[in-house]
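**Student:** Sharing a sequence plus its predicted fold:
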Amino acid sequence: MKETALTETHKALGAKMVPFAGYTMPVSYEGVNAEHQTVREGVGVFDVSHMGEFLIEGPNALELIQKVTSNDASKLEEGRAQYSCLPNETGGIVDDLIVYRVKPETYLLVVNASNIDKDWAHISRFNESIGAEMRNISDAYSLLAIQGPKASEAMQPLTSVDLRSIPFYHFVVGDFAGIPHVIISATGYTGSGGFEIYCKNEEVQQVWDRVLEAGRGFGIKPIGLAARDTLRLEMGYCLYGNDISDTTSPLEAGLGWITKFTKDFVNRDSLAAQKEAGVERKLVGFELDQKGIPRQGYPILDADGNPIGEVTSGTMSPSLGKGIGLGYVTVSHASPGTTVYIQIRKNHLPATVVKTPFYKG
């Protein structure tokens, strides 16, 4: 198991450490519900340094990114970020990622920890004929997510950058916590606002300590991966390996908005044909109408008890106090307001298909 630069710090803080995506990571400190509410109402800090970072550079950088990603990276200006995915050649998704345009010919791709090697091999294969400069800097960089409605106010003393002036999915390279050049990105996986800070491994302990110090008066707390999962699920954000995978298409997953057919990309033609014909199943959100907790893999049934899909992510929502989940269902059962049934052991619990996000803030 790999460790982040902050592993010993997490242990000293009493974190429960678990294996995750090849790393030993903090899953919780004081409990998922308390940590969840800290982020929804105040500010929390996550160590998500297990995520992968690739630099794509040179005159052919954009050509490579346009080929391997579904979104249109030509629209990116310096200082902007874009959510995208890497389609595979069989109709599924290699990974989802964020693309940052750092300089005119320098892009940063941030990928999921469990997919670093797979993504690198996939992109490298298409780069053989394109010739962009590629560097995998994943092992040298750390990533902290400072999330919550009080993040800007709490962190402002740590930087000369006006944090409130950074729009969503924009970023600035500037000073932070005494480090002269870090990426301060107005992105996150929680739906409660905040920033993600990219710095070198040897800098992250200083950043972590200064962040906790600056946030003390705002009730800042370290937050584990369990709360990260409940926070993202309340927003209906996809998790790779659960809601999207090598066998789910971007169109089935509701990611048509990041699938731009105005350019050429991997598997474009077959995805365009799927869009024309219409998908047979869709990823939907649902809320349980009775007490219960849906879990990944639970069958989704129609009124007659026939299987129509499967839960991909589920939890007891700390904000809503009810069971929520995502799952693929046949198109005929995908409209908001439709009643479906979640099989939890021998019980078939009624649930209502709803538009995401579940949590409206």
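**Tutor:** Looks like it arrived, so ask away. Numbers count the residues shown, from 1 in each chain.

**Student:** buried residues in stretch 205-212?
**Tutor:** By neighbour count with 16 or more other C-beta atoms under 10 Å, stretch 205-212 contains the buried residues 207, 208, 210, 211. Any C-beta I mention is one placed from the backbone N, CA and C, and that applies to glycine too.

**Student:** mind putting those residues in CSV, secondary structure, pLDDT and distance to residue 101 included?
**Tutor:** Below are the buried residues of stretch 205-212 laid out as CSV (DSSP: H, G, I helix; E, B strand; the rest coil; pLDDT from 0 to 100; distance: C-beta to C-beta, whole Å):
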residue, secondary structure, pLDDT, distance to residue 101
207, helix, 98, 23
208, helix, 98, 27
210, helix, 98, 28
211, helix, 98, 26
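
**Student:** so, if you compare those residues, which one comes nearest to residue 163?
**Tutor:** Residue 163 lies nearest to residue 211 out of the buried residues of stretch 205-212, by C-beta to C-beta, at 12.6 Å.

**Student:** My read is that that closest one contacts residue 146, right?
**Tutor:** Yes: between residue 211 and residue 146 there is a contact under C-beta atoms under 8 Å: 6.1 Å.

**Student:** Could you tell me which residues touch both of those two?
**Tutor:** Counting by C-beta atoms under 8 Å, 6 or more residues apart in numbering, the contacts common to residue 211 and residue 146 are 45, 155, 197.

**Student:** Kindly indicate which of those residues lies nearest residue 290.
**Tutor:** Nearest to residue 290 among those: residue 45, at 36.2 Å, using C-beta to C-beta.

**Student:** For that closest one, the count of nearby residues, please.
**Tutor:** Under the neighbour criterion other C-beta atoms under 10 Å, residue 45 is assigned a count of 26.

**Student:** which residues does it bridge with?
**Tutor:** On the basis of DSSP bridges, residue 45 is bridged to residue 146, residue 222.

**Student:** separation between it and residue 157?
**Tutor:** Going from residue 45 to residue 157 by C-beta to C-beta, to the nearest Å gives 15 Å.

**Student:** where along this structure do the helices fall?
**Tutor:** In the chain, the segments counted as helices under DSSP state H are 7-12, 32-41, 61-68, 116-127, 151-155, 201-214, 225-234, 268-277.

**Student:** Show me what the second one is packed up against.
**Tutor:** Read that as helix 32-41. Contacts defined by 3 or more C-beta pairs under 8 Å, 6 or more residues apart in numbering; DSSP states H and E place helix 32-41 against helix 225-234.

**Student:** Now do the contacts for the nearest residue to residue 232 once chain neighbours are set aside.
**Tutor:** With C-beta to C-beta, 6 or more residues apart in numbering as the criterion, residue 232 has its nearest non-adjacent residue at 4.8 Å, and that residue is residue 189. Neighbouring residues of residue 189 by C-beta under 8 Å, 6+ apart: 145, 147, 228, 231, 232, 237.

**Student:** wait, residue 69 sits on residue 94?
**Tutor:** No: using C-beta under 8 Å, residue 69 is not in contact with residue 94, being 10.0 Å away.

**Student:** Those two - which one has more neighbours?
**Tutor:** Just comparing residue 69 and residue 94: by other C-beta under 10 Å the higher neighbour count belongs to residue 69, 29 against 24.

**Student:** Specify the residue ranges that define each domain of the protein.
**Tutor:** Following automatic domain parsing, one finds the domains of the chain at 2-49+140-234, 280-354.

**Student:** Just put these in TSV and tack on distance to residue 250.
**Tutor:** Shown next, in TSV, are those (distance: least, C-beta to C-beta, whole Å):
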stretch	distance to residue 250
domain 2-49+140-234	18
domain 280-354	10
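
**Student:** most tightly surrounded among those?
**Tutor:** Ranked by mean neighbour count, these are led by domain 2-49+140-234 with a mean of 20 (mean count of other C-beta atoms under 10 Å).

**Student:** Can you give me the first-to-last residue distance of that domain?
**Tutor:** This stretch, domain 2-49+140-234, spans 29 Å end to end (C-alpha to C-alpha, to the nearest Å).

**Student:** Common neighbours of residue 69 and residue 94, please.
**Tutor:** With C-beta under 8 Å, 6+ apart, residue 69 and residue 94 have common neighbours 85, 86.

**Student:** Where do the strands of the stretch 151-300 of the chain begin and end?
**Tutor:** All strands of the stretch 151-300 of the chain, identified by DSSP state E, counting those that start in this stretch, fall at 171-176, 179-185, 194-200, 221-222, 281-288, 299-301.

**Student:** Figure out which of the ones you listed is closest to residue 8.
**Tutor:** Ranking the strands of the stretch 151-300 of the chain by proximity to residue 8 (C-beta to C-beta) places strand 221-222 first, at 13.4 Å.

**Student:** which other residues reach the closest one?
**Tutor:** Contacts to strand 221-222, defined as C-beta under 8 Å, 6+ apart, come from residues 10, 13, 15, 26, 29-30, 35, 38, 44-47, 212.

**Student:** Now do it, average pLDDT.
**Tutor:** Average pLDDT, strand 221-222: 98.

**Student:** Run the chain-centre distance for it.
**Tutor:** Put simply, strand 221-222 sits 19 Å off its chain's centre (C-alpha atoms, centre = their mean, to the nearest Å).

**Student:** before we move on, back to that, got the phi and psi for the residue nearest to residue 232?
**Tutor:** Per-residue torsions, residue 189: phi -120, psi 20 (degrees, to the nearest 10).

**Student:** how about low-confidence regions in the stretch 251-361 of the chain?
**Tutor:** Along the stretch 251-361 of the chain, no part satisfies pLDDT under 70.

**Student:** Adding distance to residue 247, write the strands of the stretch 151-300 of the chain out as a markdown table.
**Tutor:** Output for these, formatted as a markdown table (distance: least, C-beta to C-beta, whole Å):
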| stretch | distance to residue 247 |
| --- | --- |
| strand 171-176 | 33 |
| strand 179-185 | 31 |
| strand 194-200 | 29 |
| strand 221-222 | 35 |
| strand 281-288 | 11 |
| strand 299-301 | 17 |
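
**Student:** Many thanks, I have nothing further to ask.
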